[in-house]
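> okay, here's the prediction I keep looking at, along with the sequence it came from:
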Amino acid sequence: MPRPPLPPFTAATAAQKVRMAEDAWNGRNPSAVSLAYTEDSRWRNRAEFLQGRADIVAFLTRKWLRELDYRLIKELWAFTDHRIAVRFAYEWHDDSGQHFRSYGNENWEFDDEGLMRVRIASINDLPIAAADRKYHWPLGRRPDGHLGLSELGL
């Protein structure tokens with residue numbers, strides 16, 4: 001089933017695709033998120049390699065059980081007809097209460113139906129004090145008026 005906006009991307013449709021991905025990930029529903037990817041989507045996430053929606057669902061389930069109170073902001077970095085590059089930062093804490101800000105970049109490749117067939121993510125985790133958190137919206141979608149990465153100096 002097509003997943004608009006479809007390639008070839010423009011600046012506006014690439015930015016829309018990025019915001020849609022951010023919103024989905026902030027919803028923290030592994031099954032719903034997996035539907036944005038092809039059945040045989042290939043991922044590299046840090047040093048983990050995944051293939052297919054079942055792997056994606058299992059990975060995201062583990063991720064959000066460990067990364068508590070997860071809040072994410074993505075920003076468009078560059079795009080071509082079928083590819084989008086994003087940078088992102090997300091905040092979370094572990095079960096001991098240690099807070100983190102995780103920074104990274106993703107390279108995405110889409111099929112003609114707008115489904116992501118390749119996702120390559122490089123991510124680094126920075127321990128932070130709870131007082132240094134910058135993301136304070138209620139869990140779920142980032143409010144439209146909330147500052148983005150560039151505005152936050154990230």
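Now that the structure is in, tell me what you want to look at.

> C-alpha from now on. contacts and neighbour counts both.
Will do.

> what residues does the lengthiest helix in the chain touch?
Taking DSSP state H as the criterion, the chain has its longest helix at helix 11-27. Contact with helix 11-27 is made by 5-6, 32-33, 70-76, 79, 84, 86, 139-142, as judged by C-alpha atoms under 8 Å, 6 or more residues apart in numbering.

> which of these fall in strands?
Per DSSP state E, strands hold the following members of the contacts of helix 11-27: Tyr70, Arg71, Leu72, Ile73, Lys74, Glu75, Leu76, Phe79, Ile84, Val86.

> next, format those as CSV and append distance to Glu109, neighbour count and pLDDT.
CSV is the format used below for the ones in strands among the contacts of helix 11-27 (distance: C-alpha to C-alpha, whole Å; neighbours: other C-alpha atoms under 10 Å; pLDDT from 0 to 100):
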residue, distance to Glu109, neighbour count, pLDDT
Tyr70, 25, 23, 98
Arg71, 24, 26, 98
Leu72, 20, 23, 98
Ile73, 20, 24, 99
Lys74, 16, 22, 98
Glu75, 16, 18, 98
Leu76, 14, 18, 98
Phe79, 10, 20, 98
Ile84, 7, 23, 99
Val86, 12, 19, 98
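
> tell me the two of those that are most distant?
Tyr70 and Phe79 (26.3 Å; C-alpha to C-alpha).

> just the helices in the chain please.
Secondary structure of the chain (DSSP H): helices at 11-27, 30-34, 53-66.

> tabulate the ones you listed (a markdown table), appending mean pLDDT, mean neighbour count and distance to Lys134.
As requested, the helices of the chain are arranged in a markdown table below (pLDDT from 0 to 100; neighbours: other C-alpha atoms under 10 Å; distance: least, C-alpha to C-alpha, whole Å):
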| stretch | mean pLDDT | mean neighbour count | distance to Lys134 |
| --- | --- | --- | --- |
| helix 11-27 | 98 | 18 | 15 |
| helix 30-34 | 98 | 18 | 24 |
| helix 53-66 | 98 | 16 | 19 |
